[in-house]
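K.L.:
Show me the folded form of this:
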Amino acid sequence: MNKSSLIEALSKKENLAEKKASDIVNLIFKGFTDELRKGGRIEIRGFGSFVVRDYGAYTGRNPKTGRNIQVTPKKLPFFKVGKELKEKVDKK
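P.N.:
As a prediction, this is how the structure comes out:
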């Protein structure tokens, strides 16, 4: 599922105009982004949680040229799946 299919599903399920559904999805994503940018944590019970992890600088290798390069420190979002979602996906 991608963003546009999520908007379409919300629009159909809740009988909303696609513009309204798009505004709702964008508002949620903006809220998530703003919270993670501030270093916060997002937890959706039964689904999972998002946090920002810090990664230090390291020496990497350019796969095309084989040369060593210095990779700068960075922050990346990390998702940890919740127990209920894990069980639902694994259900046979």
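
K.L.:
can you list the domains in this structure?
P.N.:
1-38, 39-92 (automatic domain parsing).

K.L.:
Go through those domains and pick out the most buried.
P.N.:
domain 1-38 (a mean of 13; mean count of other CB atoms under 10 Å). Every C-beta, even on glycine, is put in place using the N, C-alpha and C of the backbone.

K.L.:
end-to-end on that one?
P.N.:
In domain 1-38, first residue to last residue: 27 Å (CA to CA, to the nearest Å).

K.L.:
Mean pLDDT added to the domains of the chain, as CSV?
P.N.:
Shown next, in CSV, are these (pLDDT from 0 to 100):
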stretch, mean pLDDT
domain 1-38, 96
domain 39-92, 94
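
K.L.:
And the nearest residue to residue 50 once chain neighbours are set aside, how far from residue 79?
P.N.:
Take residue 50 and drop its neighbours on the chain: the residue closest to it by CB to CB, 6 or more residues apart in numbering is residue 42, 4.3 Å away. The gap separating residue 42 from residue 79 is 9 Å, by CB to CB, to the nearest Å.

K.L.:
Can you pull out the residues in contact with the helix or strand containing residue 5?
P.N.:
Assigned by DSSP states H and E, residue 5 falls within helix 3-13. Helix 3-13 is contacted from outside by 1, 16-18, 20-22, 24-25, 29, using CB atoms under 8 Å, 6 or more residues apart in numbering.

K.L.:
all helices of the chain, in order?
P.N.:
Ranges of helices in the chain, per DSSP state H, are 3-13, 18-37, 83-90.

K.L.:
and residue 47, which of those is closest to it?
P.N.:
Among these, the nearest to residue 47 by CB to CB is helix 83-90 (5.3 Å).

K.L.:
Now do the contacts for residue 59.
P.N.:
By CB under 8 Å, 6+ apart, residue 59 lies in contact with 68-71.

K.L.:
With distance to residue 55 as extra columns, can I get these in a markdown table?
P.N.:
A markdown table is the format used below for the contacts of residue 59 (distance: CB to CB, whole Å):
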| residue | distance to residue 55 |
| --- | --- |
| 68 | 18 |
| 69 | 15 |
| 70 | 13 |
| 71 | 9 |
